[in-house]
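Provide a 3D model corresponding to the input given below.
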Amino acid sequence: MNKLVIPAVSAAASLEPLLRRRPLPLLPVCGKALVALQLDLASSLGVAKVIVLSDDRPEQVRDAIGDGRRWGLEVEVRSVTPGLKVAAQLERAGIVDETVLVLAGDTIVPPVDEGEGGIPEHGWMDNSGWVLVRLADDLRDRLEHSELLDTGDGWKRPTCWRIDSAAAFHRVHMDLLDDDRGVVVPGFEVAPGVTVARGSRFSMSSVAEGPVIAAAEARVSHRAALGPAVAVGSRSLVDADAVLRHTVVMPDTYVGRLLEADGVVLDGRAIIRADDGSVAMIGDDLLLADISQPVIGPRIASWLNRGLGLALALFSLPLIALGWLAARRPRWRCRRVVSHRVRYSVDGGVERVAMDLAELDIDVPVLRWISRLVDVARGRLSLVGNPPLDETRAAVFDPALVDRWLEVPPGLFGLAQLEWLRRGGRMDADDVAAAAALYTGSRSVTKDVGYVTRGFLLLLAPRNWKMSNAELDGGRDGSDAMVVSRARD
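Numbering: from 1, shown residues only. From the prediction side, this is the model:
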């Protein structure tokens, strides 16, 4: 048996918050990608070739590990169809007709030492939570009808971890910080319980209590307080007066001043609790931020947004004035919506900040929409973003969906708004929510410019001026479909 297959497919749904920024094989564990730890094991077992099956961003996996020469292996990354079970993926890859070793894609097993020998050829124990399994004749029939991971004749070392949830991901870090158990963790132990990798800027004065690991190119302020049990990811920045305990900081994450965290995973702008996997998205870049992508500073971005909103408002001023004159009783009305910003309560909890958006209360729906440019110019509403979400609807939506929705600020234009205009207002709240989630995961500057341009042109289209209030509001009850408050029956 000189071939090992790693089916990094069908990741557990509970891992989704951790997989937004990277695929499963590149999930970082104490400064090292999960697949790199698996290749360490493969090298120690003496196999010659490793095949990694990936159904999520395989090109990133391929770029990260190359051809495997640094492990003394031949490594091949194969792209497979998302959504299929492991057994089906192996069968499609033509692997069931070979005698190979299979390692669960979410598993960490320490390398085998020279004195231990390799995988036993006989006497494999029946192990329902298998780690390594050998595909032999007696398993091929089982592959055709069942999920390979359910059961198998396997070999399991005394020490291994399955990363099938955020809690398990946090736990493996706590275990490795306490004792690496043979897992190769990058870096040098500069003091008892303190490991620092190459290129890091780290001061021992920031260690309140070990163990602490700082991965490659991490930067930690000498005024921060780390420990016990803290792992800081590659290229992350922990600012002054941040206090971290039993915390994992993922790569390319900025941890701001005065932020205090205990028992969580910090990933970009997300705080993931280790005990229940719940996610809170932080809208304040001064507290928590994703620094993997170059962005315009929040203050500059805010003024740029307001400037563009003011320019469009001035361009649309004749229309707004027309709407004001056409109104029977011209007045402004306000809607209470949930902001993407958060604040910390006295007890340390995270609360969403509510805000009021204003619009002209007139009978021409499109003119009401255009009047919201005033709030864009005031800085209350973004020019591009997800539809505003009112407090009532936010309370009944799934919390994970609300967090995903509010990763970007409420905006006048966006994917959901554009689709809504195309459909002439016939779009229920569930469809809006799906479009908002899609926009959150695929936004870019180029797309945003397109949304504003096409959205404004659609607003000026004659057919949208004929749109009835019922189509826009679902009735004159103050529940505008683009200020999502309820789903239609």
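
can you pull out the helices in the stretch 101-250 of the chain?
Using DSSP state H, counting those that start in this stretch, the helices of the stretch 101-250 of the chain run over 137-145, 166-178.

helices or strands up against the last one?
It refers to helix 166-178. Applying 3 or more C-beta pairs under 8 Å, 6 or more residues apart in numbering; DSSP states H and E, we find helix 166-178 packed against strand 28-29, strand 161-162, strand 230-232, strand 247-249, strand 264-267. Heads up, the C-betas are built off the backbone N, CA and C, glycines and all.

Next, format these as a markdown table and append mean pLDDT and mean neighbour count.
Below are the helices and strands packed on helix 166-178 laid out as a markdown table (pLDDT from 0 to 100; neighbours: other C-beta atoms under 10 Å):
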| stretch | mean pLDDT | mean neighbour count |
| --- | --- | --- |
| strand 28-29 | 96 | 21 |
| strand 161-162 | 88 | 18 |
| strand 230-232 | 97 | 30 |
| strand 247-249 | 97 | 30 |
| strand 264-267 | 95 | 25 |
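
which stretch among the ones you listed comes nearest N2?
Of all the helices and strands packed on helix 166-178, it is strand 161-162 that lies closest to N2, at 25.4 Å by C-beta to C-beta.

got the contact list for that closest one?
Under the contact criterion C-beta atoms under 8 Å, 6 or more residues apart in numbering, strand 161-162 has outside partners 104, 106-108, 129, 131, 168, 171-172, 175.

Would you mind checking those for buried ones?
Buried subset of the contacts of strand 161-162 (neighbour count, 16 or more other C-beta atoms under 10 Å): 104, 106-108, 131, 168, 172, 175.

Tabulate those (a markdown table), appending distance to G233.
Below are those laid out as a markdown table (distance: C-beta to C-beta, whole Å):
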| residue | distance to G233 |
| --- | --- |
| A104 | 24 |
| D106 | 19 |
| T107 | 21 |
| I108 | 17 |
| V131 | 26 |
| A168 | 17 |
| V172 | 14 |
| D175 | 17 |
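
Need the helices and strands packed on helix 166-178 in a markdown table (columns: distance to A436).
Formatted as a markdown table, those follow (distance: least, C-beta to C-beta, whole Å):
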| stretch | distance to A436 |
| --- | --- |
| strand 28-29 | 29 |
| strand 161-162 | 33 |
| strand 230-232 | 33 |
| strand 247-249 | 28 |
| strand 264-267 | 21 |
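
longest strand of the chain?
In the chain, with assignment by DSSP state E, the single longest strand is strand 332-344.

Buried residues of it, list them for me.
For strand 332-344, by 16+ other C-beta under 10 Å, it's 335, 337-340, 342.

Just the closest of those to L304, please.
H340 (17.1 Å).

Which residues are in contact with that closest one?
Applying C-beta under 8 Å, 6+ apart, the residues near H340 are 281, 283, 385, 406-410.

Please report which of the residues you listed has the highest neighbour count.
G385 (28 neighbours; other C-beta atoms under 10 Å).

Skip the chain neighbours and tell me the closest residue to it.
Closest residue to G385 apart from its sequence neighbours, by C-beta to C-beta, 6 or more residues apart in numbering: G411 at 2.4 Å.

Quick check: can you name the pairing partners of the host helix or strand of the one you found and their directions?
Using DSSP states H and E, G411 falls within strand 411-413. Here strand 411-413 is paired, per DSSP bridges, with strand 382-384 (parallel).

ok, E209 - how many residues close by?
Neighbours of E209 (other C-beta under 10 Å): 13.

Could you do the one 5 residues further on as well?
The burial count assigned to A214 is 30, neighbours taken as other C-beta under 10 Å.

which ones are touching it?
By C-beta under 8 Å, 6+ apart, A214 lies in contact with 187, 195-197, 200, 202, 220, 232.

Give the bridge partners for it, please.
Assigned bridge partners for A214, using DSSP bridges, are V196, V232.

ok, back up a step: and the contacts of H340, which is closest to D63?
In terms of C-beta to C-beta, no member of the contacts of H340 lies closer to D63 than E407, at 25.8 Å.

thinking again about what came up before, from the contacts of H340, which one has the minimum pLDDT?
Minimum pLDDT for the contacts of H340 is recorded at G283 (69).

Show the subsequent helix or strand relative to the longest helix seen in the chain.
Looking across the chain with DSSP state H, the single longest helix is helix 298-315. Using DSSP H and E, the helix or strand that follows helix 298-315 in sequence is helix 317-326.

okay, now the closest residue to V185 other than its chain neighbours: neighbour count?
Computed as C-beta to C-beta, 6+ apart, the closest residue to V185 that is not its neighbour in sequence is C30, at 4.8 Å. Around C30 there are 23 other residues, counting by other C-beta under 10 Å.

Torsion angles phi and psi at C30?
Backbone geometry at C30, expressed as degrees, to the nearest 10, gives phi 50, psi 40.

that older thread, now rank the contacts of A214 by neighbours and give me the top one.
V232 (33 neighbours).

So that residue is in contact with A218, correct?
Yes - if you go by C-beta atoms under 8 Å, V232 and A218 touch, sitting 4.6 Å apart.

who touches both of these two?
Common neighbours of V232 and A218, counting by C-beta under 8 Å, 6+ apart, are V238.

that older thread, pLDDT averaged over the strand holding G411, what's the number?
Taken as a whole, strand 411-413 has an average pLDDT of 88.

again, but for stretch 393-403
On average, stretch 393-403 scores 76.

First-to-last residue distance for that stretch?
13 Å (C-alpha to C-alpha, to the nearest Å).

how far is that stretch from where the chain is centred?
On the basis of C-alpha atoms, centre = their mean, to the nearest Å, stretch 393-403 sits 17 Å off its chain's mean C-alpha point.

Need the pLDDT of H222.
pLDDT, read off for H222, is 91.

Once you drop chain neighbours, what's closest to it?
H222's closest residue in space is S203 (C-beta to C-beta, 6+ apart), at 3.8 Å.

That neighbour: how many residues sit nearby?
11.

going forward can the numbers begin at 828, since that is how I track them
In the new numbering, first residue 828, that becomes S1030.

for it, what are its contacts?
Counting by C-beta under 8 Å, 6+ apart, S1030 makes contact with 1047-1049.

List just the nearest of those to I1099.
Taking C-beta to C-beta as the measure, I1099 sits nearest to V1047 out of those, at 20.6 Å.

what residues are up against that closest one?
Shown in contact with V1047 (C-beta under 8 Å, 6+ apart): 1027-1030, 1033, 1041, 1053, 1059, 1064-1065.

can I get the CA coordinates of stretch 1104-1120 in PDB?
Provided in PDB are the C-alpha atoms of stretch 1104-1120 (Å, rounded to 0.1, in the frame of the first residue of the first chain):
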ATOM      1  CA  GLY A1104     -20.600  27.500  17.600                       C
ATOM      2  CA  SER A1105     -22.700  30.700  17.500                       C
ATOM      3  CA  VAL A1106     -21.300  33.500  15.300                       C
ATOM      4  CA  ALA A1107     -21.400  37.300  15.800                       C
ATOM      5  CA  MET A1108     -20.200  39.600  13.100                       C
ATOM      6  CA  ILE A1109     -18.400  42.700  14.200                       C
ATOM      7  CA  GLY A1110     -19.000  45.800  12.000                       C
ATOM      8  CA  ASP A1111     -16.500  48.000  13.700                       C
ATOM      9  CA  ASP A1112     -13.100  47.600  12.000                       C
ATOM     10  CA  LEU A1113     -11.400  49.200  15.000                       C
ATOM     11  CA  LEU A1114     -12.400  46.200  17.100                       C
ATOM     12  CA  LEU A1115     -12.100  43.300  14.700                       C
ATOM     13  CA  ALA A1116     -11.300  43.200  11.000                       C
ATOM     14  CA  ASP A1117     -10.200  41.000   8.000                       C
ATOM     15  CA  ILE A1118      -6.900  42.200   6.800                       C
ATOM     16  CA  SER A1119      -6.400  39.600   4.100                       C
ATOM     17  CA  GLN A1120      -7.700  42.000   1.400                       C
END
